[in-house]
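1. Let's see this in three dimensions:
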Amino acid sequence: MTSTYDVVVVGAGIVGLAHAYHAHRRGLTVAVIDHADRVAGASVQNFGHACITAQSGTALEYARAGRSHWLDLARRADFWAAESGTHCVARHEDELAVLEQFAELRGEDQVQLLDRSEVLNRLPLADTDVVGGMYLPLDVQVDPRSAAPAVARWLADSGVDFHWRTAATSFAPGIVRTSRGDLHAGATFVTVNHDIDRLFPESAERGGLVRCRLHMMRATMPLRAPLPSPLFTGWSLLRYSGFENLPAVADVAARLQAEYPDYVELDLHQMYTPQPDGSILLGDTHVREITTSPFQSEDGFEVLLGEARTLFGVDRIDVVERWQGTYCSAPGSEFLLEEPVDRVHIVTVTTGIGMTTSMGLALSNVDSALTPVARRETRPRLTAHN
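-> Model prediction:
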């Protein structure tokens, strides 16, 4: 096999594929290696929701920068993507206060406030307790089952070399040692999500990295109309950095904790994303462990189903699939970006926003690796091939 590349990416999840995409766009020779035989893991276990507007700081910059690349790749790699935006329903006045504060902060081009009647006209919800809502028009949605695999196929057809069932074992400047021999690289990006603790345990321990496992489901429901976009609830206001510093969030958190202590124990996030086939993804809960337990209680599924029945006013939910999603988590950070070995870059998203930020994050990292200021003179020059 070819053994010398401008860029080697270790890990074929969406973060790794995004790095391969941006390197390939610059005409560089690229290889992707992965221990599995196909795209798997967090990249196909999630909601497929690029929740751009709910981010803040660097994550918001990455999300905004990546939006056009998601849409471009959907056309090129032929997978479903929708500029559907995101709706959020408020079922209490304190939740509506958060939405109003968020709208004032971001402006009408990013946040559209909705009154009770507008929410009920747009969304197939039970009318009980709805007081208002908002619409975030810039958010994007893809089918998580098909998007990342389609990107991998398109990259392979476009000249990126994929080495499946190949494990990275160690790294040296300009060298990736694998279970099938050495690869030589001008720059290496290690994008293996929570498995970074197996390749660079010191970095993982220093950052407090753990695995976060989730209750997730795909189901059909007899709704009075199709759900037009991903849907946030009051629980979503406690999850995203774009909301966390708004004054009214503390009131929402205190009320939910008092009313639903068992849900807080599950670390519930009640949200829904419609799929092209008419099914809806329901989730999720969060348990953080260094080593994930193989056992999953039914409690989380029962809560998710009960809350969905109440929100949508349905008696029947037909569950098609249940699974335990897993992604990387770390306290107080969203990204782990280190260079433990010369020209070897760890890139790990340390919260559940990999789909949202991957394209912009990779664009920034590849740009940095290609900038002369970011390279020492002793490093092999990354060359663009016409």
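
2. For E205, which non-adjacent residue is spatially closest?
-> D197 (7.4 Å; CB to CB, 6 or more residues apart in numbering). (C-beta placed from N, C-alpha, C; glycine too.)

3. Now do the contacts for that neighbour.
-> A204, E205, L209, I290 (CB atoms under 8 Å, 6 or more residues apart in numbering).

4. And stretch 305-325, end to end?
-> End-to-end distance of stretch 305-325 (CA to CA, to the nearest Å): 17 Å.

5. Next: stretch 241-257.
-> End to end - CA to CA - stretch 241-257 spans 19 Å.

6. mean confidence for that stretch?
-> The average of the pLDDT scores along stretch 241-257 is 97.

7. what's the answer for stretch 87-96, then?
-> 98.

8. quick one, phi/psi of the closest residue to V314 other than its chain neighbours?
-> Once flanking residues are discounted, V314 sits nearest to M221: 5.1 Å by CB to CB, 6+ apart. Main-chain dihedrals, M221, degrees, to the nearest 10: phi -140, psi 140.

9. Among the contacts of D197, name the buried ones.
-> Neighbour counting with 16 or more other CB atoms under 10 Å marks A204, L209 as buried within the contacts of D197.

10. any idea which of the contacts of D197 is closest to D143?
-> Proximity of the contacts of D197 to D143 (CB to CB) peaks at L209, which lies at 28.3 Å.

11. ok, now which ones touch the nearest residue to the closest one once chain neighbours are set aside?
-> Closest residue to L209 apart from its sequence neighbours, by CB to CB, 6+ apart: A330 at 4.9 Å. A330 sits next to G207, G208, L209, V210, L336, T350, T351 when contact means CB under 8 Å, 6+ apart.

12. The fourth one: neighbouring residues, count only.
-> For V210, the number of neighbouring residues by other CB atoms under 10 Å comes to 20.

13. same check, this time on the second one
-> Residues near G208, counting by other CB under 10 Å, number 15.

14. Quick check: it vs E334, distance?
-> Counting by CB to CB, to the nearest Å, the separation of G208 from E334 is 13 Å.

15. in stretch 249-263, what counts as buried?
-> Those would be V249, V252, A253, L256, Y263, for stretch 249-263 by 16+ other CB under 10 Å.

16. Check whether the third one really touches G234, as I assumed.
-> To tie it back to what came earlier, the one meant is A253. No: in this structure A253 lies outside contact range of G234 using CB atoms under 8 Å: 9.7 Å.

17. If we ignore the residues flanking it in sequence, what's nearest E321?
-> Closest residue to E321 apart from its sequence neighbours, by CB to CB, 6+ apart: R218 at 4.5 Å.
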